[in-house]
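Q: Everything below, folded, please.
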Amino acid sequence: MTTSHILLLPHGTAGSVYPFAWLGRLLRARGHRVTLVAADAYAHAASGAGLEFRGVGNAGLDALLRDPDLWSLQRGPYASYRNAGQAMAACVDAVEDIVAGEGMPHLMLSPMINFGARLLREKYGIPLVTVHLYPLLFASAYEVPWYGPDAPRFRMLPLWLRKLLLQLPIPLDKEALPDVRKCCIAHGVDAPRSLWRQWGHSPDGVLALFPEWFAAPQPDWPHATLQWEFPLEDMAATNPLEPTLQRFLDSGAKPVVFTAGTGQLQAASFFANAAELAQQCGCRAVFLTRKLAQVPRELPDTIFAADYAPFTTLLPQVRAVVHHGGIGTLSQCLAAGVPQLVAAMSLDQPDNGERVERLGAGVTMNAERFTAAQALPLLERCLHDEGLRRAAMACAERMRARQPTAALLDWLESRRVPARRGVTSASVQGSAAVPPVYLIPGLGADSRTFRGPWTEIPGCTFVDWPEYHGEASVAAVARFVADAWRIPDGAMLVATSFGGAVACEIARIRAVRAVVLVASSPDRYDFRSARTMRVLTRLVSLARLQRFLRGRENIRRHRHGRDPTPFTRAVLDSVEMFGVCQTSFYRDMFGALCRWRGFSDSRTRVVRIHGRRDSQVRFPAEADLEIDGGHLISMTHARECVEFIRRGLANDFASPPPVSS
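A: I've put the predicted structure just below:
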């Protein structure tokens, strides 16, 4: 395992930040350098977890917490999206400062609502894992979450219609897209048409931090998803229970805890109703809110108010919890085996509450109906219903059997640097005077592209494509290739066809000596067949085509004899390589190539070797080496290519004049 620099980019309230601090603590113990990039208010969370910290100011967080719409069932999602769009520029600027001063990080972890993280992935190719803290964000057609009052009717529709409707545009995008597009334009990144559809799940990986018994995985979840357990992080190690609160707990019967969430600054009515409810129920109570001014001024001795208390310490000492339905509070209640009354307010909270009710571990209601009269019978159930209490204890028993975190960390590290397939290198090693040369194949090909004369290039390494994890851009693939093959500064890249686009992107993140494009181009519009192939590969079953071609391999070789022409041999080798390539990589990269921004950098020497009869990539206005061949010149005219490159290595490609062959 090699040490990496990993960025954590949470967004939102403390309940959204603490799970990332938990992940950071695990990664740091594994030997990685971890930086938390968040609002300045959460510097203490980074310090408590032993992480580095880079602040983005508090303006975005303050605006979010002051917005009363955030706690409305109907308006809350719009407020959340609107704030995320406005806050993304600060996140991008903070990470760009890190890149400029310390180099490229190896991995980013963020929620889908941090649009800045996804922009950085598209711009630099930094692998990104989307972290979902609750099930609502998967929006499955198979298990429709509680997204609003229409959810029960939506669930009654046939599956095909639910799938169709979930592909339609959603109005939430309009709240954030203007800011996202503005930021994308400023950074030269193609903006998504839909944030929810295109940027909701990172192709590099999705981490679901809730167990299967809380929300089972569905067929339409992203394929690169790892489902884990609740993190249960509340920074209890650095924030112990206040002595005055502990004395209150010890002074009488177990109380009921009331909280509206760490970020709720609009909860005066909630606590007024809670005070009346506690009086009518005849129970002692603990009120938790970071803004104590929301609590009624005159409280009886049976109610204690505090601005914070670690749940892992507090909840084992209480009878029940009345809360807003935030996933952090809810999971702590499940871990403690405490019955809970969820007064759901907004966002994921109604869906979370419904899931608790399904488990039998609590009851739920709409926060707009939360009055002493309507909540009293539900709280009485939490206090006296033995069936409900047994279900809560059963959940606690499930949560005590926690998995070792090694598998989680292994998976995260695999997102950072994918496993290699078939490492092969030339036997000739470069000297100090000759730069290392990396030979990158085309799409659907591998290192067998470079046979025979190619081994004569001093210091060359034959690159195979790393394991594909769903990277959606050429820049992301380039980042993985550069990391997986440890391509250093000062290297020279020789690449053919699609590999040339990847080599150009590597030149953005490595100070390479030169990029030699063989039957390739730094301009996406020169790849003539990319758009056609993007459509065709979605109409044809590539897996079936591969099986068919593999079955006919011996017939092909026999038909063309033992000494085929160079062109026939190149075609047969190409078919053979395509027969074992990753079909998902092959299919997706045509779309990535169509979206590629191209490459134009005066600091990098780009050398062009091209065939006059290439029908796949447009012939350049001026080639450094013109060959009388087609798109497969790396195989049909290997000798000419290699001799030209060897001469170029001798003079460091000091602007060689165009040559015809």
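Q: After the helix or strand hosting Leu27, heading C-terminal, what element do we hit next?
A: According to DSSP states H and E, Leu27 maps onto helix 14-29. Sequence order places strand 33-38 as the next helix or strand after helix 14-29, per DSSP H and E.
Q: From the chain's centroid, how far away is that following strand?
A: Its chain's C-alpha centre and that of strand 33-38 lie 16 Å apart, by Cα atoms, centre = their mean, to the nearest Å.
Q: before we move on, back to that, buried residues of the helix holding Leu27, list them for me.
A: For helix 14-29, burial by neighbour count (16 or more other Cβ atoms under 10 Å) applies to 14-28. Just so you know, the C-beta spots here come from the backbone N, C-alpha and C atoms, and that holds for glycine as well.
Q: Kindly report the same for stretch 639-652.
A: Within stretch 639-652, the residues that count as buried by 16+ other Cβ under 10 Å are Glu640, Cys641, Val642, Phe644, Ile645, Gly648, Leu649.
Q: Next one: the fifth one from Phe480, what distance?
A: Spelled out, that is Ile645. According to Cβ to Cβ, to the nearest Å, Ile645 stands 25 Å off from Phe480.
Q: now swap in Trp71 and tell me
A: 41 Å.
Q: low-confidence ranges in the stretch 501-650 of the chain?
A: Where the stretch 501-650 of the chain drops to pLDDT under 70, the residues are 551-563.
Q: which residue ranges form the helices in it?
A: 530-539, 542-551, 553-559, 566-578, 583-595, 633-636, 638-650 (DSSP state H, counting those that start in this stretch).
Q: How about the contacts made by Val463?
A: By Cβ atoms under 8 Å, 6 or more residues apart in numbering, the contact set of Val463 is Tyr438, Leu439, Ile440, Pro441, Ser447, Val481, Trp485, Gly499.
Q: can I get those residues in TSV with neighbour count?
A: Converted to TSV, the contacts of Val463 look like this (neighbours: other Cβ atoms under 10 Å):
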residue	neighbour count
Tyr438	26
Leu439	26
Ile440	33
Pro441	24
Ser447	21
Val481	26
Trp485	21
Gly499	29
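Q: Contact partners for the spatially closest residue to Gly55 that is not a sequence neighbour?
A: Spatial nearest neighbour of Gly55, chain neighbours left out: Asp40 (4.0 Å); criterion: Cβ to Cβ, 6 or more residues apart in numbering. Shown in contact with Asp40 (Cβ under 8 Å, 6+ apart): Gly55, Val56, Gly57, Asn58.
Q: From the residues you listed, pick the one nearest Asp220.
A: Distance to Asp220, by Cβ to Cβ, is smallest for Val56 among the contacts of Asp40, at 33.6 Å.
Q: Would you agree that closest one is in contact with Val92?
A: No - the criterion here is Cβ atoms under 8 Å, and Val56 misses it with Val92 at 9.5 Å.
Q: Point out the other helices and strands that the helix holding Leu27 packs with.
A: Helix 14-29 sits against strand 5-8, strand 33-38, helix 43-49, strand 128-132, helix 327-336, helix 406-416, with contacts defined as 3 or more Cβ pairs under 8 Å, 6 or more residues apart in numbering; DSSP states H and E.
Q: One more pass at 10 Å, please.
A: strand 5-8, strand 33-38, helix 43-49, strand 107-110, strand 128-132, helix 327-336, helix 406-416 (3 or more Cβ pairs under 10 Å, 6 or more residues apart in numbering; DSSP states H and E).
Q: to the chain's geometric centre, what's the distance from that helix?
A: Here helix 14-29 is found 15 Å from its chain centre; the criterion is Cα atoms, centre = their mean.
Q: go on, stretch 280-297?
A: Relative to its chain's centre, stretch 280-297 lies at 39 Å (Cα atoms, centre = their mean).
Q: mind listing what's buried in it?
A: Neighbour counts over stretch 280-297 (16+ other Cβ under 10 Å) mark Cys281, Cys283, Arg284, Ala285, Val286, Phe287, Leu288, Thr289, Arg290, Gln294, Val295 as buried.
Q: can you dump the C-alpha coordinates of that stretch into CSV?
A: The C-alpha coordinates for stretch 280-297 follow below in CSV (Å, rounded to 0.1, in the frame of the first residue of the first chain):
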residue,chain,number,x,y,z
GLN,A,280,-48.4,16.3,29.7
CYS,A,281,-46.4,13.1,29.5
GLY,A,282,-45.0,13.6,33.0
CYS,A,283,-41.5,12.7,31.9
ARG,A,284,-38.1,14.4,32.5
ALA,A,285,-36.5,15.8,29.3
VAL,A,286,-33.3,17.0,27.7
PHE,A,287,-33.4,19.6,25.0
LEU,A,288,-30.5,19.8,22.6
THR,A,289,-29.9,22.7,20.3
ARG,A,290,-26.9,24.7,19.2
LYS,A,291,-29.0,27.9,19.6
LEU,A,292,-30.3,27.9,23.1
ALA,A,293,-32.3,31.0,22.5
GLN,A,294,-34.8,28.7,20.7
VAL,A,295,-35.7,27.0,24.0
PRO,A,296,-38.5,28.6,26.2
ARG,A,297,-37.0,30.9,28.8
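Q: can you tell me which of the buried residues of helix 14-29 lies nearest to Glu576?
A: Leu27 (40.9 Å).
Q: And Ala29, how far from Ala406?
A: Using Cβ to Cβ, Ala29 is found at 11 Å from Ala406.
Q: low-scoring stretches of the protein, by residue?
A: 1-2, 417-433, 551-563, 654-661.
Q: burial count for Asp220?
A: Asp220 has 14 neighbours, counted by other Cβ atoms under 10 Å.
Q: Now for it: which residues touch it?
A: Phe138, Ala139, Ser140, Ala141, Tyr142, Glu143, Arg162, Lys163, Leu166 (Cβ atoms under 10 Å, 6 or more residues apart in numbering).
Q: any idea which helix or strand carries the nearest residue to the first one once chain neighbours are set aside?
A: So that's Phe138. Nearest residue to Phe138, sequence neighbours excluded (Cβ to Cβ, 6+ apart): Trp221, at 5.6 Å. Here Trp221 sits in a region with no helix or strand, counting by DSSP H and E.
Q: Report how many residues lie close to Thr565.
A: 11.
Q: Surely it and Thr636 touch.
A: Yes - between Thr565 and Thr636 there is a contact under Cβ atoms under 10 Å: 8.7 Å.
Q: Between these two, which contacts overlap?
A: Contacts common to Thr565 and Thr636, judged by Cβ under 10 Å, 6+ apart, are Val571.
Q: what number of residues lie near Arg547?
A: With other Cβ under 10 Å as criterion, Arg547 counts 12.
Q: ugh, wrong one, Ala391
A: The burial count for Ala391: 18, using other Cβ under 10 Å.
Q: so which helix or strand takes in it?
A: Per DSSP H and E: Ala391 is located in helix 386-400.
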